[in-house]
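Asks: I would like the atomic coordinates for the input below:
(2 chains)
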Amino acid sequence: MLRYALRRAMLALAVGFTVSLATFFLLNFATDPAQALAGEDATPEVVAQIREQYGFDKPLPVQYARWLGGLARGDFGESYHWRSPVGALIASHAPVTIRLALMAIAITIVVAIPLGAIAALRPDSFIDRMALGVAVGAQAIPGFWLALVLIIVFAVKFPIFPVSGDSTWRHFVLPAIVLGAGSVPAVMRLTRSGLLEVLASDYIRTARAKGFRGLRLLTRHAMRNAMVPVVSVLAVQLGAKLGGSVIVESVFALNGLGRLALQSILGGDVPTVQMLVFVFAMTFVVLTFLADLLGAWLDPRVRLG
Amino acid sequence: MSEASPLPATLPPAAPEDVSPRTLLVRRMLRHKGFLIGLVLMAALGVLAALAPLIAGHNPFDQDLVHRLMPPAWSAGGNASHLFGTDHLGRDYLARLLYGARISLAIGLGAASVGCLIGVTLGVCAGFFGGRVDQAVSYLLTCQLALPGLLLAMALVFLIGPSLAVVILVIGCLHWSYYVVVTRAATLQLKRLDFIAAAEAIGETRMQVIVHELMPNLLNPILVIYTLEIGVAVLAEAALSFLGVGVQPPTPSWGLMIAEGKDSMFFRPWLVVLPGVALFLLVMAANLLGDGLRDVSAPESRN
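Replies: Now for the predicted structure:
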C-alpha cells in the first residue's frame, strides 16, 4: 500500500509541475499580458512601461523560473487588476467555492447513487427506463440556462430560496442544485452499470444462497465493489465542480473563485488567472490522488496490481 | 448473464435469406428509437440552418428600435411578422435563432474535428507503437484531464481575441481525451488480430498498416465520439458566449442571446427560454445520435 501511494504521489507531483509549465506558457505565449492589462486603447508607451515594470520583457523561461520560485516560497504574486496579493485574493474567495462544491457533490451523491442502484436492481423496469431517459435529457441542458430558469421560477413563483448573493446557507441551495445536477447523469450511469456487473458475479450468488437479501445484500456485499469506480468519478466530478463554479457563481452572484476568475479574465489580469488555473488543476490532482488511495483501500486488487 | 446458455449441439438453421451485415446494420438503426429521434432532430436542425436565409424572412442583424422586445406571435401583443418576437434591439428573434444554429453547428463540427485530429493521432500512436510512446501519451492525457478546461478556454479565447476561429480552435484543442481513450483501446485490440500480422507479412509499412488496415476499422468508434463531442463543444461555446468571453455581439450565438435576454427575463421569459430550448434540442440530438450509433454498431457493448 505504501509503495502504491508513493508511486501515485510521484505521478501527482510530476503532473502538477507539467500543468504549471503548460499553463504558464499557454497564457503568456498566446497572449500579451502587458497589453491585456493596459487595455485595448492604451498608447504603446504605456504598454512598454507596464511591460518593463512587471518584468514581462524578460524571456519566458526567466519569467517562469521567477514565478515557480515565488510559488515555492509561498508567494503567489501580485494582482495588477485587483492591486493586492493573489494569495490573499484566493484565500478570501475560496470558502464560498468550497462550500458550493461540497453541497453540490452531496446533492449529486444523494440523487445519483440511489437512483442508479434502483435502476440496477430492476433493469429494464419503468424506473430504470425513466432514470436513463432523465440522464440523457439532463446531459443536454446547459447549466447556465437551468440556473436562469430556476431563478425565474424561485424568484417569482416560489420565493423560498434567495437567488443572488452568498450571505446564508440558503443562498447556496439553488447554485448547488445547478452544479450538482451536472454530475448526476455520469454518476448514476456508472453506479447502475457497476452494480449490474457486481450483481451478476459469483460471490453475490453465494451470498444470496446463504440467505442475504434486499438492502443487506446491497450495502454489505454489492455496493462496496460497485463503488470503486464511482469513488474515482466523484473525485473527478468534484474537481470539475470548481471549473463549473465559474458559470454558477456569476449567475447567482456568489463571490467565490469562479467569479474571481471571470472578472480577472475580463480585466486582463493574467497572473491571477494563471494562478487560479494552477490552483484548480492542483486541487484536481490532489483529489484524484486521494480517490486512488481510497480505491486501493476498497479494492485490494488495485494496490496489489 | 444469470444462465449461461450451453453451446448448441448442431448449427442453428440457416437464415431463410442471406442478409448482408450492412442490411443488418440498417435494420438495427431503424429499430433503435433513440437513434432515429436523434437523426431526425439533427437533420431538421441542419436543414433549418442551411436554409436560414430562405426561411427567416428577416436579416438577423437589422435593428428596428420602434419594434423592440415584441412578444412571440402566439401571445398577446405579438403578430405574425415576427413569429418569435424581437429582441432588445428590435432584431427578429426567429432569424437570430436560425442563424444561431449555423454558428452552433459550425463550432460543434469544427471543434469536434480539431479534437478528433489531435486525439485520434495520439490514441492510434499510443495503441500501435506501445511502450514509451504509450506511456508518454497516457501521461499527456493525465495532465490534460487535470486542467480546468472551461476556465482555460475562457482565458485563452478572451485574451487571444474572441473570434469564431479562435473559439473553434481553443475548444477543439481542449477536448481530445475521449478520442485518445477509445482509439487507443480499439487499436490495442485490433493489433492482435491476424489481418494486421498478414498485412505486415506481405511487407506493408507501418504507415500503410495504420492507414489501410487500422483506420477503416476505427471509423465506427471515432464516429460515435465525434457525434458526442459535437454536443460537448456546442455546450462549451454557449457557456463561453453566455459569460461574454466567447463569440462577440452582434453575432447571433444562442449563448449570447441568453445573456442578452437575461436582464429582461422576468417579464419576457421567451428571450431566455427559446435559445435554451434550441441548445437543448441540438445537444440532445447529438447525444441520442452518438449513443444510438454506439448501440447499433457494437450491439454487444450496450451496458
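
Asks: what pLDDT does the spatially closest residue to B:Tyr178 that is not a sequence neighbour get?
Replies: Leaving out its chain neighbours, the residue that sits closest to B:Tyr178 by C-beta to C-beta, 6 or more residues apart in numbering or on different chains is B:Ile225, at 5.0 Å. Every residue, glycine included, has its C-beta placed from N, CA and C. Note for B:Ile225: predicted pLDDT of 93.

Asks: And B:Ile225, how far from B:Ala186?
Replies: 10 Å (C-beta to C-beta, to the nearest Å).

Asks: who has more neighbours, these two?
Replies: Using other C-beta atoms under 10 Å in any protein chain shown as the criterion, B:Ile225 and B:Ala186 rank with B:Ile225 on top: 26 against 19.

Asks: Can you list the buried residues in the stretch of helix or strand the more buried one belongs to?
Replies: Assigned by DSSP states H and E, B:Ile225 belongs to helix B:215-243. Buried residues in helix B:215-243, counted by 16 or more other C-beta atoms under 10 Å in any protein chain shown: B:218, B:221-243.

Asks: So which residues on the stretch 151-300 of chain A come close to chain B?
Replies: Along the stretch 151-300 of chain A, the residues adjacent to chain B under the rule C-beta under 8 Å from any C-beta of the partner chain are A:151-152, A:155-156, A:193, A:196-197, A:200, A:236, A:239, A:242-244, A:246-247, A:250, A:258, A:261-262, A:265-266, A:268, A:270, A:273, A:276-277, A:280-281, A:284-285, A:288.

Asks: Can you check which helix is longest in chain B?
Replies: If each helix of chain B is counted by residues according to DSSP state H, the longest one is helix B:93-129.

Asks: do chain A as well
Replies: helix A:86-121.

Asks: Next, work out how far apart B:Ala50 and B:Met284 are.
Replies: Distance of B:Ala50 to B:Met284, given as C-beta to C-beta: 20 Å.

Asks: Which of the two has more residues huddled nearby?
Replies: Set B:Ala50 next to B:Met284 and count neighbours by other C-beta under 10 Å: B:Met284 wins out with 21 against 14.

Asks: Endpoints of stretch B:261-270, how far apart?
Replies: Using C-alpha to C-alpha, to the nearest Å, one end of stretch B:261-270 lies 9 Å from the other.

Asks: Tell me which helix or strand residue 187 sits in.
Replies: Went with chain A since none was named. In this assignment (DSSP H and E), A:Val187 forms part of helix A:184-199.

Asks: To clarify, I was referring to chain B.
Replies: Using DSSP H and E, B:Thr187 falls in helix B:177-191.

Asks: Return the list of helices and strands in contact with that helix.
Replies: Here helix B:177-191 touches helix B:93-129, helix B:131-146, helix B:215-243, going by 3 or more C-beta pairs under 8 Å, 6 or more residues apart in numbering or on different chains; DSSP states H and E.

Asks: Now tabulate those in a markdown table and tack on distance to A:Thr43.
Replies: A markdown table is the format used below for the helices and strands packed on helix B:177-191 (distance: least, C-beta to C-beta, whole Å):
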| stretch | distance to A:Thr43 |
| --- | --- |
| helix B:93-129 | 35 |
| helix B:131-146 | 39 |
| helix B:215-243 | 30 |
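
Asks: follow-up on the earlier one: which outside residues touch the helix or strand following the helix holding B:Ile225?
Replies: Once helix B:215-243 ends, the next helix or strand along the chain (criterion: DSSP H and E) is helix B:254-261. For helix B:254-261, contacts defined as C-beta atoms under 8 Å, 6 or more residues apart in numbering or on different chains pick out A:142, A:144-145, A:148, B:87-88, B:96-97, B:100, B:103-104, B:237-244, B:246-249, B:268, B:271-272, B:275-276, B:278-279.

Asks: okay, the angle between helix B:254-261 and helix B:215-243?
Replies: If you take axes from the mean of the first three to the mean of the last three C-alpha atoms, to 10 degrees, helix B:254-261 sits at 10 degrees to helix B:215-243.

Asks: Give me the nearest residue to the most centrally placed residue in chain B, chain neighbours excluded.
Replies: Nearest to the mean C-alpha position of chain B, by C-alpha atoms, centre = their mean, lies B:Ile230 at 1.3 Å. Excluding its sequence neighbours, the residue lying closest to B:Ile230 (C-beta to C-beta, 6+ apart) is B:Gly108, at 4.0 Å.

Asks: wait, what's in contact with that neighbour?
Replies: By C-beta under 8 Å, 6+ apart, the contact list for B:Gly108 reads B:230-231, B:233-234, B:237, B:282, B:286.

Asks: coming back round to it: which residues touch the helix holding B:Thr187?
Replies: Under the contact criterion C-beta under 8 Å, 6+ apart, helix B:177-191 has outside partners B:115-116, B:118-120, B:122-124, B:126-128, B:134, B:137, B:141, B:144-145, B:196, B:213-214, B:217-218, B:221-222, B:224-225, B:228-229.

Asks: could you redo the last one with a cut-off of 6 Å?
Replies: Contacts of helix B:177-191 with the rest of the structure, by C-beta atoms under 6 Å, 6 or more residues apart in numbering or on different chains, involve B:116, B:119-120, B:122-124, B:126-128, B:141, B:144, B:217-218, B:221, B:225.

Asks: gap between it and the chain center?
Replies: Offset of helix B:177-191 from its chain centre (C-alpha atoms, centre = their mean, to the nearest Å): 19 Å.

Asks: can you state the direction angle for the helix or strand just after it and helix B:215-243?
Replies: Past helix B:177-191, further along toward the C-terminus, the next helix or strand under DSSP H and E is helix B:194-201. Comparing the axes of helix B:194-201 and helix B:215-243 via the same axes, to 10 degrees yields an angle of 110 degrees.

Asks: In helix B:194-201, which residues are buried?
Replies: Buried residues in helix B:194-201, counting neighbours by 16+ other C-beta under 10 Å, are found at B:196, B:199.

Asks: and the following helix or strand past that helix, how far from the chain's centre?
Replies: Following helix B:194-201 in sequence order, the next helix or strand is helix B:206-208 (DSSP H and E). Here helix B:206-208 is found 30 Å from its chain centre; the criterion is C-alpha atoms, centre = their mean.

Asks: so B:His65 sits right up against B:Gly90, yeah?
Replies: No, residue B:65 isn't His; it's Leu. Yes - between B:Leu65 and B:Gly90 a contact is recorded at 5.2 Å, counting by C-beta atoms under 6 Å.
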